[in-house]
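[1] Predicted model and sequence below, questions to follow.
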Amino acid sequence: MICVSIGRSRHSAMIQGFRQLVQQGAELVELRVDWIQRRPDIGRLLRERPVPVVITCRRLQDKGKWFGTEEQRQAVLREAILAEADYVDIEEDIAASIPRYGRSKRIVSYHNFDETPADLEAIHQRMTACDPDIVKIVTTACSAADNFRMLQLVRNATVPTVGFCMGETGTISRLLCGRYGAPFTYAAADRTGHTAPGQLSFADMKDLYRYDNVTEATRLFGVIGDPIGHSLSPLLHNTAFKQIDFDGLYLPIRIPVGNVPEVLRTYQELGLEGVSVTIPHKHAALEFADVPDDQSQKIGAANTLVHKDGIWHATNTDFTAIIETLKSALAAANRSEDLAGKKVMILGAGGVARAAVAAMVQEKTEVLISNRSADRATALAAEFGCGTIPWDSRGSVECSILINGTSVGMHPGVQETPFDEQWLRSEMLVFDTVYVPENTRLLQEARAVGCPTAGGMEMFVRQAAVQFQLFTGHDPGISEMTATLRQALQERTPGA
Ligand code: NAP
């Protein structure tokens, strides 16, 4: 179950927000009465409650907003118990002074905003001696091991225990605590209204991560990176799980630089079977793998790790995605899909350009690299045995395929293009790897002169689809994934 936490400064807004949450499917709601800017009227808040309620009045030292005295705060909690609130949240250190009464259940809570203390079990034991119906123990994750310890604590607890870690590193414990036996987890009313660090919105918990469906049998995957909050991969993969009715959960996993091996080894103990890898861990992922495949070794970076029979396998699905995207564009233009012998100019020498160079070299094309910083182009070309073109001369090259692997044209710089309109020829196939926006200026101008085109959105979806296939053995459906991505991008960057 998900307990949705709502904080509003006025009673009327709190009651209205509460009703909206119930309409959205909330089954348990925490009313953060410390947010109300005058003495909370508990009777009014509890009247005609459509679902069970937790009354919480958090003090400043626990990052709450209560500005009255401690005596007044405890009076509010007693009043909530007398009014038969379904649950009342009572901090461990005041639990003895707020006795049990009537039907109200006691959530005895502990919060630590700095760390997950070494004596977690001792704290939990202390709390179980405070006459709780539920123990709520919430700490801050400084490492993967903190999440692991917390989840083990929840699993081994003899009293029903809601235990998870705060902060971005702790998100996975919020999502997994139910699997370990927690009676519920907490979520924010909406994406902007979180009441604790790292809290996810109710909509994301319920519809994207499908918290209530996660069981021991649910297979675990994720994306590793730093930062990770912006990643679209949880949306793509979790939506695809739902669409094909696959019992899987795809987690956002933030890992600081240098910690990839430690974190993956810890989470493999939780059952993590595979991860997508994003910036800045693609090289570390390759080094971590027990068995890196040819493609990831050629690129020098892995964007996918799969854990099978105790062995971590690495691959790079950008490689396949680039080739498939080009071939499907050639087929759509009624041209031969055989890339061998074609002259390909690749703009850029960063991560994506590198994957494109490796893929085009494997396909036996004639590759020319042009990059703003000439030294990077020269180094990449030397590594793969390709030619280079000075950045200022790129317009004079007659090639049959042009690939933009630079970030030029990406939102918000949508008016920019890495290749002037006047240099485009209708014989060229133009592939822009930029996918925000979907229709870059380069692609628009290329279509205007009659060039066949391929876009970064297709590449992004194809690399995710190959990962999905590797993780689950199922085809996610390219068109469904494309629709998910397109909608998400329209919501995140309207007008891009
Ligand atoms: P990266 O490693 O940072 O490389 C960026 C490249 O862009 C470098 O070659 C850089 O040239 C060049 N560049 C940046 N600003 C420029 C400018 N103003 N003029 C000329 N060249 C410029 O980034 P990346 O990871 O390769 O990503 C590049 C782009 O690929 C991203 O922006 C994204 O839109 C796209 N992408 C697509 C997918 C997909 O699946 N479709 C996946 C990831 C990324 P210097 O060497 O001179 O700095």
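    Looks like it arrived, so ask away. In this text, all values refer to a predicted model and were calculated from it rather than measured experimentally.

[2] Not counting its neighbours along the chain, what's nearest the residue in the stretch 101-250 of the chain that the ligand sits nearest to?
    Nearest residue of the stretch 101-250 of the chain to the ligand (Cβ to the nearest ligand atom) works out as Leu232 at 10.3 Å. In this view, the C-beta of every residue, glycine as well, is placed from N, C-alpha and C. Closest residue in space to Leu232, ignoring its immediate chain neighbours: Ala488 at 5.7 Å, by Cβ to Cβ, 6 or more residues apart in numbering.

[3] Mind telling me what element that neighbour is part of?
    helix 478-492 (DSSP states H and E).

[4] is that helix anywhere near the ligand?
    No: using Cβ under 6 Å from any ligand atom, helix 478-492 stays clear of the ligand, with a minimum separation of 10.2 Å.

[5] Can you mark which positions in that helix are buried?
    Residues of helix 478-492 classed as buried: 480-482, 484-485, 489 (neighbour count, 16 or more other Cβ atoms under 10 Å).

[6] ok, the residue nearest to Leu232 to Ala349 distance?
    29 Å (Cβ to Cβ, to the nearest Å).

[7] can you count the residues close to whichever residue of the stretch 201-350 of the chain sits closest to the ligand?
    When distances are taken as Cβ to the nearest ligand atom, the stretch 201-350 of the chain reaches nearest to the ligand at Gly350, 2.0 Å away. Neighbours of Gly350 under the rule other Cβ atoms under 10 Å: 14.

[8] my read: it touches Gly405, true?
    Yes: in terms of Cβ atoms under 8 Å, Gly350 counts as a neighbour of Gly405; the distance is 6.7 Å.

[9] And Ser328, how far from Leu151?
    43 Å.

[10] Among the two, which residue is more densely surrounded?
    Neighbour count, other Cβ under 10 Å: between Ser328 and Leu151, Leu151 has more, with 23 against 15.

[11] List the residues that contact that one.
    By Cβ atoms under 8 Å, 6 or more residues apart in numbering, the residues touching Leu151 are 163, 173, 176-177, 180, 270.

[12] Any regions of the stretch 1-150 of the chain where pLDDT drops low?
    Applying pLDDT under 70 to the stretch 1-150 of the chain flags no residue at all.

[13] Name the residues of the protein found near the ligand, please.
    So far as Cβ under 6 Å from any ligand atom goes, the chain lies against the ligand at 348-353, 371-373, 376, 405-408, 410, 433-435, 456, 459-460, 463.

[14] 8 Å instead, please
    Within the chain, the positions near the ligand by Cβ under 8 Å from any ligand atom are 279, 318, 321, 347-354, 371-373, 376-377, 391, 404-410, 413, 416, 418, 433-436, 455-460, 463.

[15] Just the buried subset of those residues, written out for ChimeraX, thanks.
    A single ChimeraX command selects the buried members of those (16+ other Cβ under 10 Å):
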select :318,321,347,348,349,351,352,353,354,371,376,377,404,405,406,408,409,410,418,433,434,435,436,455,456,457,458,459,460,463
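
[16] Out of the residues of the chain next to the ligand, list just those in helices.
    318, 321, 351-354, 376-377, 456-460, 463 (DSSP state H).

[17] so Asp290 touches Ile311, yeah?
    Yes: contact status for Asp290 versus Ile311: in contact at 4.7 Å, counting by Cβ under 8 Å.

[18] I'd assumed Ala85 was in contact with Leu46.
    Yes: if you go by Cβ under 8 Å, Leu46 and Ala85 touch, sitting 6.0 Å apart.

[19] Would you mind grabbing the residues shared as contacts by these two?
    Residues touching both Leu46 and Ala85 (Cβ under 8 Å, 6+ apart) are 53, 55.

[20] Give me the more crowded residue out of the two.
    Each of Leu46 and Ala85 has its neighbours counted (other Cβ under 10 Å); Ala85 has more, 26 against 17.

[21] Quick one: residues contacting the more buried one.
    Neighbouring residues of Ala85 by Cβ under 8 Å, 6+ apart: 42, 46, 53-55, 104.
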